[in-house]
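**Student:** Just the structure for this:
(chains A and B)
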Amino acid sequence: MIQVHINKQLHGANGDFQLNASLHIAEGEFVALFGASGVGKTTLLRCLAGLEQPEQGNIVVSGETWLDSAARINLPPQQRRVGYMFQDYALFPNMTVRGNLEFALRKGPDHKRVNELLELMVLGELQHRKPDSLSGGQKQRVALARALASEPRLLLLDEPFSALDAEMRSRLHDEILRLQKHFGITTVIVSHDVSEVCKLTSRVMMMEAGRIVQQGKPIDVFSAGQASGKFRFTGEILAIEAMDVMFSLTVLVGNQIVRVVAMPDEAAKLCVGERVMLVSKAFNPMVIKLEQ
Amino acid sequence: MIIDWQPLILTFKLAAVTTVILLCIGVPFAWWLANTRIRFKPVVEAMVSMPLVLPPSVLGFYLLLAFSPEYWFGAWLDREVGIRLAFSFEGLVVASVIFSFPFLAHPVQAAFQNLPRSLTDAARILGKSNWQTFTRVLIPNIKPALLSGTVLAFAHTVGEFGVVLMIGGNLPNETRVASIAIYDEVESLNYAAANFYAGVLFVLSFLILLLVYAVNRRVQK
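**Tutor:** Predicted coordinates for the structure are as follows:
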């Protein structure tokens, strides 16, 4: 059980505000901190890791006090035993993949554990390469393996997938889910990707201006109050084809290709490459609008 | 022609001692400067850079005054530590450390600043002490800058003339470094000897720089 209460002055792009967050995380739970940029998600994560110190607050992890501003207790990051995955991965460029993992071990050399992690993350072939020669997805796997190598009690992921393409992201999502279950490790992920949060976590905490404004099961949180009868999304026209008296538009919406029908006068005003908004009022398609 | 090797030996001894001292104090200092948020940081940076722009004679002049037993600092050193820095090898070392400082500190500071902050954070989270982080993560990742800074400081010390002349004079085996010897030999119209010292410095300087660029190219690959 992790109990967190944090108060910290933040300097955002739109002026100063207070990070004022209280949260509980159960043992082995996978939760998300969700919100727009600059609402304090990463700062909260950094406070958990001990990289930043809140003005006031306390953090208790499984009965052990990491932070208690009243009692002037503040464990340094070295003693907190967290695993942290940075947005830029923060792999040590001077060490090989294997070297990065070995550096992370807390109790001296342990070939077995390193080998096990290399195998688990399918990094065996890459173990003697330097990080600079790896692709984004490979670096990401190394970063995850390194975070796990230190046998953390709490795993913190700071938008770890934001720099990857959709396919790679989806594969790593599967991987991280598998590892999280395998090690049963309590995990907090910072994300502003709705599908990621829904796929990975059992609970999402929605943050706005330094506060947790809502929390619950991702699907419930994201759908609450947002479902309306209207159905609309924006996309880019890929093709316009004539079919009998009508026209068929092929539209790219996100990563999905949608085919819709248009009247000749509508189609005449459109050309390939233009951005359009698709709106339907006539029926309720049970699609939930996902906007941040 | 009988060649006196002393000025050359003295020059490289001075440069070597200076470089070692600079590495010991300059690298931690550069790290501090790269990370500090103190308000008077620009003042410190300006002070560090002063030797780059000041005429060496200005620096030499003030150092001479400072080292002189006639004034309080020199007198205090003489009385308490028993060292006279004016017209001595020790004095040259102190002066060289000061005037070669920016040549080491600048590239190293820039390199520290260019390292992502997350590397330090990551090492700390992995349980590493500040010292382990410094020696195993930060230093190995600024090697090219460290190498060029070291060599520049060394080469600059080899080549310094004005400051040495002001505070060292021309004492054989004590302060008569190669650059001074050249000047002295020319003064006495002994061009052959001057040519010898000058040639050695010329070739060595070129070789040193060549080494730096060659090694840096390999490191970057």
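**Student:** Can you list the helices and strands that the strand or helix carrying B:I208 packs against?
**Tutor:** B:I208 is part of helix B:191-220, with elements assigned from DSSP states H and E. The helices and strands touching helix B:191-220, judged by 3 or more CB pairs under 8 Å, 6 or more residues apart in numbering or on different chains; DSSP states H and E, are helix B:6-35, helix B:143-159, helix B:178-187. All C-beta spots, glycine's among them, are computed from the backbone N, C-alpha and C.
**Student:** Briefly note if the first one comes near chain A.
**Tutor:** No. Judged by CB under 8 Å from any CB of the partner chain, helix B:6-35 stays clear of chain A, getting no closer than 14.0 Å.
**Student:** Distance from the chain centre to that helix, please.
**Tutor:** The chain centre lies 5 Å from the centre of helix B:6-35; the measure is CA atoms, centre = their mean, to the nearest Å.
**Student:** Past it, which element shows up next along the chain?
**Tutor:** Following helix B:6-35 in sequence, per DSSP H and E, is helix B:41-53.
**Student:** low-confidence ranges in the chain?
**Tutor:** Went with chain A since none was named. A:224-232, A:280-292 (pLDDT under 70).
**Student:** Correction: the question concerned chain B.
**Tutor:** B:1, B:220-221.
**Student:** which SSE is the residue most central in space within it in?
**Tutor:** The centroid of chain B falls nearest to B:S100 when counting by CA atoms, centre = their mean (3.2 Å). Using DSSP H and E, B:S100 sits in helix B:89-114.
**Student:** Please name every helix or strand in contact with that helix.
**Tutor:** helix B:6-35, helix B:41-53, helix B:56-67, helix B:143-159, helix B:162-168.
**Student:** Distance from the chain centre to the shortest one, please.
**Tutor:** To tie it back to what came earlier, the one meant is helix B:162-168. Counting by CA atoms, centre = their mean, helix B:162-168 comes out at 15 Å from the chain centroid.
**Student:** Other residues contacting it?
**Tutor:** B:55-57, B:59-61, B:63-64, B:67, B:85-88, B:91-92, B:95-96, B:99, B:174-177, B:179-180, B:183 (CB atoms under 8 Å, 6 or more residues apart in numbering or on different chains).
**Student:** Would you mind measuring from B:V93 to B:A155?
**Tutor:** 16 Å (CB to CB, to the nearest Å).
**Student:** Tell me which of the two has more neighbours.
**Tutor:** Applying other CB atoms under 10 Å in any protein chain shown to B:V93 and B:A155 shows that B:A155 carries more neighbours, namely 20 against 17.
**Student:** give me every residue that touches the closest residue in space to that one that isn't next to it in sequence.
**Tutor:** In space, and not counting its chain neighbours, B:A155 is closest to B:I208: 5.4 Å by CB to CB, 6 or more residues apart in numbering or on different chains. B:I208 makes contacts with B:151, B:154-155, as judged by CB under 8 Å, 6+ apart.
**Student:** need those in a markdown table with distance to A:S133, can you?
**Tutor:** Listed next are the contacts of B:I208 as a markdown table, based on distance: CB to CB, whole Å:
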| residue | distance to A:S133 |
| --- | --- |
| B:V151 | 28 |
| B:F154 | 33 |
| B:A155 | 33 |
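**Student:** any idea which of those is closest to chain A?
**Tutor:** For the contacts of B:I208, the residue nearest chain A by CB to the nearest CB is B:V151; the value is 20.3 Å.
**Student:** in chain A, which helix has the most residues?
**Tutor:** Assignment by DSSP state H gives helix A:166-183 as the longest helix of chain A.
**Student:** on that earlier part again, so for A:K199, which of the helices and strands packed on helix B:89-114 sits nearest?
**Tutor:** The minimum distance between A:K199 and the helices and strands packed on helix B:89-114 falls on helix B:6-35, with 38.8 Å, by CB to CB.
**Student:** residues in chain A within reach of chain B, list them.
**Tutor:** The interface of chain A toward chain B, taken as CB under 8 Å from any CB, is made up of A:49-51, A:76-84, A:86-88, A:90, A:92-94, A:103-104, A:106, A:146, A:150.
**Student:** Over to A:S135: give its phi and psi.
**Tutor:** Main-chain torsions, A:S135, degrees, to the nearest 10: phi -80, psi 170.
**Student:** neighbours around it, how many?
**Tutor:** Neighbours of A:S135 using other CB under 10 Å come to 11.
**Student:** Show me the helices in chain A, by range?
**Tutor:** Remark: helices assigned in chain A by DSSP H are A:41-49, A:77-80, A:97-104, A:111-120, A:136-149, A:166-183, A:194-200, A:218-223, A:264-268.
**Student:** Please name the nearest non-neighbouring residue to B:T19.
**Tutor:** Once flanking residues are discounted, B:T19 sits nearest to B:F154: 4.6 Å by CB to CB, 6+ apart.
**Student:** Same check on B:E45?
**Tutor:** Using CB to CB, 6+ apart and skipping residues adjacent in sequence, the residue nearest B:E45 is B:L33, 6.8 Å away.
**Student:** count of neighbours near the residue nearest to A:Q214 when sequence neighbours are not counted?
**Tutor:** Once flanking residues are discounted, A:Q214 sits nearest to A:M206: 4.2 Å by CB to CB, 6+ apart. For A:M206, the count of nearby residues is 21 (other CB under 10 Å).
**Student:** Surely B:I98 touches B:G60?
**Tutor:** No. With contact defined as CB atoms under 8 Å, B:I98 does not reach B:G60; the gap is 10.4 Å.
**Student:** who touches the residue nearest the centre of chain A in this structure?
**Tutor:** Compute the mean C-alpha point of chain A, and by CA atoms, centre = their mean the closest residue is A:S191, 3.2 Å away. A:S191 makes contact with A:32-34, A:159, A:161, A:197, according to CB under 8 Å, 6+ apart.
**Student:** redo that, cut-off 7 Å
**Tutor:** A:32, A:34, A:159, A:197 (CB atoms under 7 Å, 6 or more residues apart in numbering or on different chains).
**Student:** Specify the beta-bridge partners of the second one.
**Tutor:** It refers to A:F34. For A:F34, the beta-bridge partners are A:S191, A:M206 (DSSP bridges).
**Student:** In ChimeraX, how would I select just the buried ones from the contacts of helix B:162-168?
**Tutor:** Only the buried entries of these go into this ChimeraX selection, using 16 or more other CB atoms under 10 Å in any protein chain shown:
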select /B:56,59,60,61,63,64,67,85,86,87,88,91,92,95,96,99,174,175,176,177,179,180
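**Student:** Can you give me the distance of the spatially closest residue to B:W31 that is not a sequence neighbour to B:L165?
**Tutor:** Distances taken as CB to CB, 6+ apart put B:F112 closest to B:W31, at 5.4 Å, once the chain neighbours are dropped. According to CB to CB, B:F112 stands 34 Å off from B:L165.
**Student:** Looking at the two, which is more packed in?
**Tutor:** Higher neighbour count among B:F112 and B:L165: B:F112, with 21 against 18, using other CB under 10 Å.
**Student:** so that one makes contact with B:P28?
**Tutor:** No. Between B:F112 and B:P28 there is no contact under CB atoms under 7 Å: 10.4 Å.
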